[in-house]
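*Asks:* coords please:
(chains A and B)
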Amino acid sequence: MVLAFFRRGSTEGNSLDHVVAKALTMLGDARHSFDLATMALLTDTDAETVAANIRETDGRINEAEQELRSELIVHVSVQGSADIGSVLGMTLLLKKIERIGDQAKNILDLAENGVSLADVDNVSELLEEQQTVSSLFSEAADLLGDPDADDESVDEYTRRALGIADAHQAHITGFMTSERPGREVVPLAIYYRYLRRIVANLVGIVRTSSEPLPHIDYLDDGATDTDD
Amino acid sequence: MRVFRVGSTGAAGSLANVHQRLESLLSWGPLRSAIVVGLIYFFLVGVSSLEAGVKIMGEDTQKALFSAVSNPIAGLSIGILGTVLVQSSSASTSVIVGLVASGALGVDAAVPMVMGANIGTTVTNTLVSLGHMRQSSEFRRAFAAATVHDFFNLMAVALLFPLEVAFGLISRTAEAISGQLVGTAGNEWKSPVKAWVKEPVSWLRDIWSAFGTEGTAQGILMVLTGLVIVLVALAFITKNMRALVADRVERSINSFLSKGGGMIALLLGLVITVAVQSSSITTSILIPLAGAGVLSLRNAYPVTLGANVGTTITALLAALAASSPESLTVALAHTTFNIAGIVILYGLPFTRYLPVHGAEWLAGIAVQRRSMAVVYVFGAFVVVPLIGVVLFR
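*Replies:* Numbering: from 1, shown residues only, chains lettered A, B, ... in the order given. As a prediction, this is how the structure comes out:
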């Protein structure tokens, strides 16, 4: 560690780049957890076989979050307050990724409690929605990691993702007045609620890097809460 | 990395733009390095000017000025007060080295002052820790991390000061090392650096002569000029070195946080302090980390010890511009004192964590009654040393 002082940095750029790079790894891990958890719920995949993997991945995400938080405090202590906006933004970003990891675990909890949506009538629609959300992870990673990503791309992603989240909310609202038995609609409503929150967190992740700090998690210049 | 925006941008002032452009220009490493080299040269000119100024003053004035510090307790107290005033032991010890080089101050009188400088320098991070006062648990951690440095230095002085007064333990050790390096006391040491700074110092003297000054008045002006140069140069050296090595410091602290403390932490404190030329910078970086709970007190503690040793490099540098072996002896005494303190207090398992316990105890009191923290800072760094000066000069 003393030798670390004498080593040249791996990158010549801002030392916060390292935090972003690790945040992207965390996001990849969160997607991995999400894919496994949803497969356990929507297909015949045995929940027990993926549980250990998901919990280990979640542990890795949590550990990375704590490590990066420390690095951000070190950054401010050493470099002064010039990057304070970025540091606060990154703290929110890390928390959002960590939440997605938890929400993936919550989906696994459904499967572990005996819920299976593999045999519902519209399972193909559910799998399609799962794929759509899964692809939002990689798009978010691309936008976050791209130093040249423009505001239009972020806005387009936000519009599309919030459209998906609205569709999830419409499902939840529909279940509230549904005539179907509770044992069918309650797990579905809970599942859609998790999907909606994951999508909202992905929007937050993308917008954290471009929105002015006071408006992060709010749309329309701070007027609308994204409800993540 | 995408730009993380702080907020909507307002109209930036032109002054801010100029500052931004200047910072951007300085971010080119080689230019900043060249500036630091130039500043070190100015710093050495300042030390030499100080030495020359005291020499010009004449023996009677020198005696009148420095007789107060002939008592070791008064010297210790002046060392504390002087360092609290300039918030830098690097600056105060460099001035002491300059005064010793002039012959106005003896090694015996200078060593207690250097010990006092060691105590005085800890006031900076203790003041920084007061900024965490609003939140109890954060303040407890930050204040303990700051005062562990105070406790270590106070304990080191409590142990080594009597030994120095009675047997000259530190000064004799330093004298022996200095004798091996540049020869014995009383001889003129032909420092190559001294020759490099000779010309600018004579220009300074010519400038003051042109204003019609001579004798003691000119000596005082030379001393004041030297002091200003030393303080300004050191402030800018620290600022630029901090900017130059900030990424390295950040990387090494991150590496240290994930792997632990002990001797490695001590070495890290030493390396960072040598690089930024200020123990206050190193120890002040630790305070927010400790306050936030990122760094434990036991891990912060050895870093401060390394900083204690690292900060002695500045006085050693100052001794290069001086012409007497005694000045090098005093600079080495600063290093010897700090190393001896570490060997005795940190090296022995049963004394190792005494400063930590002391700091935890004091932090507990300060959290119960915040005013006690202010009373402690004012009392330890101003009132007690003032009493020491008044009673023992």
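
*Asks:* how many neighbours does A:S86 have?
*Replies:* 26 (other CB atoms under 10 Å in any protein chain shown). The way it works is simple: take the backbone N, C-alpha and C, and place the C-beta from them, glycine included.

*Asks:* so it sits right up against A:L16, yeah?
*Replies:* Yes. With contacts counted by CB atoms under 8 Å, A:S86 reaches A:L16, the gap being 5.8 Å.

*Asks:* Which helix or which strand is home to B:A158?
*Replies:* Using DSSP states H and E, the element containing B:A158 is helix B:136-167.

*Asks:* after that helix, next one along is what?
*Replies:* Proceeding N to C from helix B:136-167, the next assigned helix or strand is helix B:169-182, under DSSP H and E.

*Asks:* next structured bit after that following helix?
*Replies:* Counting by DSSP H and E, what follows helix B:169-182 is helix B:192-210.

*Asks:* So which residue is smack in the middle of chain B?
*Replies:* B:S89 (2.1 Å; CA atoms, centre = their mean).

*Asks:* Quick one: the strands in the chain, in order.
*Replies:* Just so you know, I chose chain A. A:218-219, A:224-225 (DSSP state E).

*Asks:* tell me the average confidence for the last one?
*Replies:* For strand A:224-225, the mean pLDDT works out to 70.

*Asks:* buried sites along the helix holding B:A158?
*Replies:* Within helix B:136-167, the residues that count as buried by 16 or more other CB atoms under 10 Å in any protein chain shown are B:138-157, B:160-161, B:164-165.

*Asks:* That one and chain A in contact?
*Replies:* No. Figure legend: helix B:136-167 not in contact with chain A (CB under 8 Å from any CB of the partner chain); closest approach 11.4 Å.

*Asks:* How far away from the center of its chain is that helix?
*Replies:* 15 Å (CA atoms, centre = their mean, to the nearest Å).

*Asks:* and that helix with helix B:169-182, angle?
*Replies:* 80 degrees (axes from the mean of the first three to the mean of the last three CA atoms, to 10 degrees).

*Asks:* Nearest to chain A within the stretch 101-250 of chain B, name that residue for me.
*Replies:* Nearest to chain A, among the residues of the stretch 101-250 of chain B, is B:E250, at 4.5 Å (CB to the nearest CB).

*Asks:* Does that residue touch A:D83 like I think?
*Replies:* No. Counting by CB under 8 Å, B:E250 does not reach A:D83; the two are 11.0 Å apart.

*Asks:* between the two, which one's more packed in?
*Replies:* Per other CB under 10 Å, whichever of B:E250 and A:D83 has more neighbours is B:E250, with 24 against 19.

*Asks:* give me the element that one is part of.
*Replies:* Per DSSP H and E, B:E250 falls inside helix B:215-259.

*Asks:* could you point out which element follows that helix?
*Replies:* That would be, after helix B:215-259 and using DSSP H and E, helix B:263-276.

*Asks:* Who are the contact partners of the closest residue to B:F152 other than its chain neighbours?
*Replies:* Residue nearest to B:F152 in three dimensions, not counting chain neighbours: B:P355, with 4.1 Å by CB to CB, 6 or more residues apart in numbering or on different chains. B:P355 makes contacts with B:V148, B:F151, B:F152, B:M155, B:Y301, B:L345, as judged by CB atoms under 8 Å, 6 or more residues apart in numbering or on different chains.

*Asks:* quick one: B:P355 and A:A40, what's the gap?
*Replies:* Using CB to CB, to the nearest Å, we find B:P355 at a distance of 54 Å from A:A40.

*Asks:* Within the helices and strands, which one has the residue nearest to B:F152?
*Replies:* Following DSSP H and E, one finds B:P355 within helix B:354-368.

*Asks:* List the buried residues in that helix.
*Replies:* Neighbour count says helix B:354-368 has B:P355, B:V356, B:G358, B:A359, B:E360, B:L362, B:A363, B:A366, B:V367 buried, by 16+ other CB under 10 Å.

*Asks:* avg pLDDT for that helix?
*Replies:* pLDDT averaged over helix B:354-368 gives 96.

*Asks:* That helix vs helix B:136-167, what angle?
*Replies:* Using the same axes, to 10 degrees: helix B:354-368 against helix B:136-167 is 140 degrees.

*Asks:* Tell me the first helix or strand C-terminal of helix B:354-368.
*Replies:* helix B:370-378.

*Asks:* Give me the angle between that following helix and helix B:354-368.
*Replies:* 130 degrees.

*Asks:* shared neighbours, B:E250 and A:D83?
*Replies:* Common neighbours of B:E250 and A:D83 (CB under 8 Å, 6+ apart) are A:H75.

*Asks:* Return the list of helices and strands in contact with the helix or strand harbouring B:L386.
*Replies:* B:L386 belongs to helix B:384-392 when elements are defined using DSSP H and E. Here helix B:384-392 touches helix B:72-86, going by 3 or more CB pairs under 8 Å, 6 or more residues apart in numbering or on different chains; DSSP states H and E.

*Asks:* Only the buried residues of the helix it packs on, if you could.
*Replies:* The neighbour-count check on helix B:72-86 (16+ other CB under 10 Å) flags B:72-84, B:86 as buried.

*Asks:* Quick one: neighbours of B:M263, just the number.
*Replies:* Using other CB under 10 Å, B:M263 has 12 other residues around it.

*Asks:* where does it land on pLDDT?
*Replies:* For B:M263, the predicted pLDDT is 87.

*Asks:* got a list of what it touches?
*Replies:* Residues in contact with B:M263 (CB under 8 Å, 6+ apart) are B:P302.

*Asks:* From B:F256, how far out is it?
*Replies:* B:M263 is 12 Å from B:F256, by CB to CB.

*Asks:* Thank you kindly, that will do.
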